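[1] attaching a predicted model along with its sequence, questions to come.
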Amino acid sequence: MLIRQDNGFHHPVASDITPPQVYAQRRGFLQQLATTGLLATAGGAWGQSAVPRPGKLAALNSTVANFAGAQATDNITPYKNASTYNNFYEFGTDKADPAENAHTLKTRPWSVDIEGMVKKPGVLNLEDLLKLSPMEERIYRLRCVEGWSMVIPWVGYSLSELIKKVEPLGSAKFVEFVTLADPKTMPYVGSRVLSWPYIEGLRMDEAMHPLTLLTFGMYGEVLPNQNGAPVRVTVPWKYGFKSGKSIVKIRFTDKQPLTAWNKAAANEYGFYSNVNPNVDHPRWSQATERRIGEGGLFAKKIKTLMFNGYEPQVGQLYAGMDLAKNF
Ligand SMILES: Nc1nc2c(c(=O)[nH]1)N[C@H]1C(S)=C(S)[C@@H](COP(=O)(O)O)O[C@H]1N2
Ligand SMILES: [Mo]
């Protein structure tokens, strides 16, 4: 059993930003995972922007070892930045809004509906989802379409583990993610910035790719509400908006899902939205990015990598496709 180590460094944890009773409840949850051996994370001085130690991570378990090449070795974004600079429009459009407003999100009880072209549709409650497969820590770059990025140690397991269990039909070609739209707890649901619920989607092979992470935690803790608690996806080679937060439904379909951002501006936000420095957004270049937490607004821009640096792992999914057309 591997649990997060306390090595004496302090970083702001969920207890600093959530009411103590909520935190205690979550912390208990994570500890429960740890004691049952379901949580395997490396832990460490994440808030110190430490360079991760791939050797140590690789020792965790064989699956992580398989993904050693995919673990980002860039500096990890301080927890403070990753949990206070967010896009979660249900809680406001300013980057600081989600951290301020998302305390109203009620993450228990929670369940995810499995629907559509699948042999085993039904309702999976969060407790079942947490136990479905061992948790791993994956350090991924997250590149927002707006031109900034972070490096975050997520906790979760490959979405493919869940998909295999529910047995999609051969006719299913896409997976649609429907996220919570609760006007009582989400102040901007009802505003006209986007159409709600926030919907995202992946092609079946993208959803089955082992890098696609069903995510329950970050920095060795459960997800803060503003980062998409209690469950989200993380698709590291795509622009951040493909990674839907606070998921309540996963639907298998033969039609390409109509996603929230595609509905809002189809010429700007395509279905694929793979990170691609060679295909500009109609209103700005995508060639470079600014790493949040490193030098503020005047931080030197760094070059954006093809598929966000995950080309060796995912490039073959798009072999023969015109990526300028399928942006
Ligand atoms: N439900 C929902 N999911 C969402 C969004 C949103 O507004 N609503 N924003 C997306 C965008 S644009 C990005 S960049 C990432 C940000 O994730 P983070 O705040 O955990 O870094 O979440 C994505 N998931
Ligand atoms: Mo984004």
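    Great, that's in hand. Numbers count the residues shown, from 1 in each chain. Ligands and ions are numbered 1, 2, ... in the order given.
[2] hang on, isn't Ser195 packed against Leu258?
    No. Assessed by Cβ atoms under 8 Å, Ser195 is found out of contact with Leu258, at 9.3 Å. Yep, even glycine has a C-beta here, placed from its N, CA and C like the rest.
[3] could you pick out the longest strand of this protein?
    Criterion DSSP state E: the longest strand present in the chain is strand 148-158.
[4] heading C-terminal from that one, find the next helix or strand.
    The helix or strand immediately downstream of strand 148-158 is helix 159-166, counting by DSSP states H and E.
[5] so which elements touch that next one?
    helix 204-208, strand 213-218 (3 or more Cβ pairs under 8 Å, 6 or more residues apart in numbering; DSSP states H and E).
[6] does anything pack onto the helix or strand just after that helix? Which helices or strands?
    Later in the chain than helix 159-166, the nearest helix or strand by DSSP H and E is strand 174-179. With contacts defined as 3+ Cβ pairs under 8 Å, 6+ apart, strand 174-179 has these neighbours: strand 199-203, helix 204-208, strand 247-253.
[7] give me that answer again for 6 Å
    strand 199-203, strand 247-253 (3 or more Cβ pairs under 6 Å, 6 or more residues apart in numbering; DSSP states H and E).
[8] could you dump these to a markdown table with mean neighbour count?
    Shown next, in a markdown table, are the helices and strands packed on strand 174-179 (neighbours: other Cβ atoms under 10 Å):
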| stretch | mean neighbour count |
| --- | --- |
| strand 199-203 | 22 |
| strand 247-253 | 21 |
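[9] would you turn those into JSON lines with distance to ligand 1 and mean pLDDT?
    Converted to JSON lines, these look like this (distance: least, Cβ to the nearest ligand atom, whole Å; pLDDT from 0 to 100):
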{"stretch": "strand 199-203", "distance to ligand 1": "7", "mean pLDDT": "98"}
{"stretch": "strand 247-253", "distance to ligand 1": "8", "mean pLDDT": "98"}
